[in-house]
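**Q** Predicted structure and sequence below. I'll ask about it afterward.
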Amino acid sequence: MTKALNNSYRGTGLPDLPPMQGVDAQAVAALLAQCPKHAPTPLLGCPELAAMAGIARLTIKDERARMGLGSFKALGAAYAIAREAAAIGGDLKAALAGRTYVTASAGNHGLSVAAGARVFGAAAVVYLSQAVPAAFATRLEAMGARVVRAGADYEASMQAACATAQANGWTLLSDGSWPGYVELPFRVMEGYRQMGAEIEAEMQDMPSHVLLQAGVGGLAAAVAGQLRLAWGDGPEMIVVEPEAAPALIESIRAGRVVVAEGPDSSMGRLDCKTPSMLALADLARDADRFVTLSEAEAAAGAAAVARAGLASTPSGAAGIAALLAGIDGIGPQAHVLCILSEGPEDA
C-alpha cells in the first residue's frame, strides 16, 4: 500500500510560488507537425491489469515509441531547441551551428537534447552520474552527443553540467528549474503538454483518476495542467514518486522547495532529490494527492506490466505500479489513466 499526502494547496497553489503563465499547447503541436518523426502515441486499454487492480477500466498512454527515442522526453528538450532554431529561421538544419547544449540526465532527457541538437546543427554534451546504465551512454554517443561521467547521483552530475555551461558559455538545457533558471525548463514542460493534448483528443470519456509519475515533476505538472484545462476538477490527479526520492511530497508538506534525502532507487529516471520549482508550482495547484512507491512495489508493478505485454522499466511503469499496490479511494468503479513513459532499458 502506497503512502499518501492530500494536497492542501489544491486549486490555489503555493502562496510564494505562483505558476508561470503563457503555456501554449497549440504552438507545441504546430511545431511538432513539422517533424517527420512526430505522430501521436496510442491509448491502450488493459483489462488484465485493470482486473489485477480491482478497477473497472485502465487506460494507458503508451510513450515507449515517441518519435523513435523511446520515451516522452522526446517532446521536451528537442522541442525547446526547435523553438530556438525556428526563431532564427533560414536553413533550420544549420540554424544553431556553433551552439553547444549541455545537460545532466538519467538517460531519456539527454537523448532528447542530443536529438534536437543534431537536427538543428548544434553540439550536445550530456553529463551522466555513475548510476546511469552504460546502455544510455552508448545510445547518446550514437546520436552524436559527448558523454561525460560525473558524480554518484543525478544532483552531482547536474552540478557538473552547470559549472561546465558557465565556464564555456554553453547553453544549459535542464528539465529542472530553480531561481534564476526558468525559461528553457518552462519550454521543456510546454513540450510535454502535447501528451495531455493528445489524451484529450483521443479519449472518449473522462477518467475518474489520473496517476502521474514524477522525478523533478515535469511530466506530472505538464499533463495535469493540460488535463485540468480540458476536464476541470473532474479527475483526481495523483502524483507518484519513489519512496527513496520524495522531493515533491515533502515540498508540498513543507509548503516550499525541499531537497529530499534517501538511498538510490531502482526507479532511476525518477530518482531526483530536488524538485523542479516550476513543476512544484503547477502541481501545488493541480494535483489532489501525492503518493510514494517502495522499491518492492515498483519491481512488482514493472513485472506485471511486462507480463501484460507492455515491457517498460520501474520508472516508466511507476504509475501503474502504484495502482496495483493499492491507493485508498480508487474503487471497483474507477476508470484510471496512467502513462507508460518509457520503453525497457535494452530496447
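**A** That came through fine.

**Q** which non-adjacent residue is nearest residue 179?
**A** residue 277 (6.9 Å; C-beta to C-beta, 6 or more residues apart in numbering). Placement of C-beta: from N, CA and C, glycine included.

**Q** quick one: contacts for the one you found?
**A** 17, 176-179, 182, 257 (C-beta atoms under 8 Å, 6 or more residues apart in numbering).

**Q** Most neighbours among those, which one?
**A** residue 177 (26 neighbours; other C-beta atoms under 10 Å).

**Q** Now for that residue: which residues touch it?
**A** 185-186, 276-279.

**Q** Look up how far residue 89 lies from it.
**A** Per C-beta to C-beta, to the nearest Å, residue 177 is found 27 Å from residue 89.

**Q** Likewise for residue 35?
**A** 17 Å.

**Q** Between those two, tell me which one has more neighbours.
**A** residue 35 (14 against 8).

**Q** Which of the three states applies to that one?
**A** At residue 35 the chain is in coil, as set by DSSP: H, G, I helix; E, B strand; the rest coil.

**Q** Quick check: chain neighbours aside, which residue is closest to it?
**A** Nearest to residue 35 is residue 67, by C-beta to C-beta, 6+ apart, at 7.0 Å.

**Q** mind listing what that neighbour touches?
**A** 35, 37-39, 74-75, 78, 115.

**Q** quick one: contacts for residue 75?
**A** 28, 32, 66-67, 112, 191-192, 194-195.

**Q** Let me know the closest of the residues you listed to residue 163.
**A** residue 112 (21.9 Å; C-beta to C-beta).

**Q** What strand or helix carries the closest one?
**A** Using DSSP states H and E, residue 112 sits within helix 108-119.

**Q** any idea of the angle the helix or strand just after that helix forms with helix 108-119?
**A** Moving toward the C-terminus from helix 108-119, the next helix or strand (DSSP H and E) is strand 123-128. Using axes from the mean of the first three to the mean of the last three C-alpha atoms, to 10 degrees, the inter-axis angle of strand 123-128 relative to helix 108-119 is 170 degrees.

**Q** so where do the strands sit in the stretch 201-347 of the chain?
**A** Ranges of strands within the stretch 201-347 of the chain are 209-213, 236-242, 289-293, 335-340, based on DSSP state E, counting those that start in this stretch.

**Q** on that earlier part again, identify, from the contacts of residue 67, the entry nearest to residue 139.
**A** Of the contacts of residue 67, the one sitting nearest to residue 139 (C-beta to C-beta) turns out to be residue 115, at 10.5 Å.
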